[in-house]
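Novice: I'd like to go over a predicted model; first the sequence, then the structure.
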Amino acid sequence: MRSALFDLCSSDGTAGFKCGRLYLTANQGRAIAQGKVGQEYWPDTRSIEIVEPDLAHAYMWFNLAVTNGHEYVSGWRDNLAKEMSLDQIAETERMAAEWEPDLAECEAGPGAYSGS
């Protein structure tokens, strides 16, 4: 699943480079990067304003991060769930269950996001 975050962040410039690497790393299934992508979609935790807030995508990325072992973001996911309807949560859980890493998209480079 290609995210709007990738499309908006893959341009030239420092923020674009960092964000593009972040998305590529998340797309490889790395939990910390997935949590950081979720942060960028949720207004309560975002660090740079590159994408429009999107609760569904924030929840999906947080859920993927928790599933892949990044328990720290489970609190954010649970707090975000309080802002969503049960139908929205069910839909985002379906999105997360259907998500698969797109490794072909990541062939442009290792996408190793260092968190800095």
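Specialist: Arrived safely.

Novice: Now stretch 43-54: average pLDDT?
Specialist: Averaging pLDDT along stretch 43-54 yields 70.

Novice: Start and end of it, how far apart?
Specialist: End-to-end distance of stretch 43-54: 8 Å, with C-alpha to C-alpha, to the nearest Å as the criterion.

Novice: Endpoint to endpoint, stretch 74-92 covers what distance?
Specialist: End-to-end distance for stretch 74-92, by C-alpha to C-alpha: 15 Å.

Novice: in it, what's buried?
Specialist: Of the residues in stretch 74-92, 76-77, 80-81, 84, 89, 92 count as buried by neighbour count, 16 or more other C-beta atoms under 10 Å. To be clear about C-beta, it is placed using only N, CA and C from the backbone, and glycine gets the same treatment.

Novice: can you pull the contacts of Ala97?
Specialist: Going by C-beta atoms under 8 Å, 6 or more residues apart in numbering, Ala97 touches no other residue.

Novice: whoops, I mixed them up, Trp42
Specialist: Taking C-beta under 8 Å, 6+ apart, we find Trp42 in contact with 53, 55, 58, 62, 76, 80.

Novice: ok, how many other residues are close to Gly38?
Specialist: Residues near Gly38, counting by other C-beta atoms under 10 Å, number 28.

Novice: packing partners for the helix or strand encompassing it?
Specialist: Secondary structure from DSSP states H and E places Gly38 in helix 31-41. Here helix 31-41 touches helix 4-9, helix 14-27, helix 55-67, helix 74-81, going by 3 or more C-beta pairs under 8 Å, 6 or more residues apart in numbering; DSSP states H and E.

Novice: quick one, which of those is nearest to Tyr41?
Specialist: helix 55-67 (3.7 Å; C-beta to C-beta).

Novice: what angle sits between the closest one and helix 31-41?
Specialist: Here helix 55-67 points in a direction 160 degrees away from that of helix 31-41 (axes from the mean of the first three to the mean of the last three C-alpha atoms, to 10 degrees).
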